[in-house]
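Asker: just need the structure, nothing else, for what follows:
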Amino acid sequence: MEGFAGKVAVVTGAGSGIGAALAVALGRAGASVAICDVDTEGLAATEAQLKALGVNVKSDRLDVTERAAFEAYADEVVKHFGKVNQIYNNAGIAYTGDIEVTEFKDLERVFDVDYWGVVNGSKIFLPHLIASGDGHIVNISSVFGLLGMPGQAPYCAAKFAVRGFTEALAQEMALTGHPVKVTCVHPGGIKTAIARNATAAEGLDPKELAHEFDTQMARTTPDEAARVILEGVRRNKRRVLIGNDARAFEAVTRITGSGIQRMLPKILARANHRPRR
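Answerer: Prediction:
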């Protein structure tokens, strides 16, 4: 893919799924890549793939919720490569459970990773992206950043927040004239380990939920998701939708507006969607 050769890209959550696929796709396109994750085993596998391709790669364990560590990491990446052109804020976790029975600690944990991790990456790397003269911030939201879903309040809240933050940041970059483009990505069901690694409220079986997601909702491969994301970045798109499900969600919310909030419980009930606590 054209437009990435000679660039330096940072990918968070690069130990598996979309993050790993993005890192490899960027490497194949000629970019140097800094990868990070809390999953050191998965990270090592991604690093091995990149090195086998001859890619200039820097690999580090990083918890995106730890701001001081993130700031130190940014300095190390710039020192190693001399510049940073792009950051893909991809790291994320999932959780299922109704608000009524969800613990505050679970709400906070999802928001810390899925929202604050994106904010940390965007704000900490922003000065370096501006200095590069050709910067791009790519923040991964979700189809649940377009439409609220029962049982997904923590995840929806974080992903809606990512969307709002990213759209505001894009407008600020345009107003100030800074050489930084900003893209918000809304994946639908992707065949990754996020559901298998997810947590759930007491009384729910995470394995059963993961099986349901993997067999009924996950339709797009990480490699295809990475291809769509990079094409969107190459074209400087503000919003990228991945999968027919994401496109359908976007169309429904655009056409029905707030009406979908009244329709959705009826639709789920007709589909014999069992109540979840």
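Asker: name all residues that make contact with the closest residue to residue 53 other than its chain neighbours.
Answerer: In this structure, residue 53 finds its nearest non-sequential neighbour in residue 27, 5.3 Å apart by CB to CB, 6 or more residues apart in numbering. In short, each C-beta sits where N, CA and C put it, glycine included. Residue 27 makes contact with 33, 50, 53, 55, 57, according to CB atoms under 8 Å, 6 or more residues apart in numbering.
Asker: helix, strand or coil for residue 27?
Answerer: For residue 27, the assignment made with DSSP: H, G, I helix; E, B strand; the rest coil gives helix.
Asker: returning to that earlier point: so how do I select the buried members of the contacts of residue 27 in ChimeraX?
Answerer: In ChimeraX syntax, the buried subset of the contacts of residue 27 is picked out as below (16 or more other CB atoms under 10 Å):
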select :33,50,55,57
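Asker: now the contacts of residue 27 as JSON lines including distance to residue 247 and secondary structure?
Answerer: Output for these, formatted as JSON lines (distance: CB to CB, whole Å; DSSP: H, G, I helix; E, B strand; the rest coil):
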{"residue": "33", "distance to residue 247": "29", "secondary structure": "strand"}
{"residue": "50", "distance to residue 247": "31", "secondary structure": "helix"}
{"residue": "53", "distance to residue 247": "32", "secondary structure": "coil"}
{"residue": "55", "distance to residue 247": "32", "secondary structure": "coil"}
{"residue": "57", "distance to residue 247": "33", "secondary structure": "strand"}
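Asker: ok, now which ones touch the residue nearest the centre of the chain?
Answerer: Most central in the chain under CA atoms, centre = their mean is residue 140, positioned 2.8 Å from the mean C-alpha point. By CB under 8 Å, 6+ apart, the contact set of residue 140 is 18, 88, 89, 90, 92, 118, 162, 185, 187.
Asker: ok, the fifth one - contacts?
Answerer: In other words, residue 92. 13, 113, 114, 117, 140, 194.
Asker: residue boundaries of the helices in the stretch 151-277 of the chain?
Answerer: For the stretch 151-277 of the chain, the helices defined by DSSP state H, counting those that start in this stretch cover 153-176, 206-216, 222-234, 244-256, 260-270.
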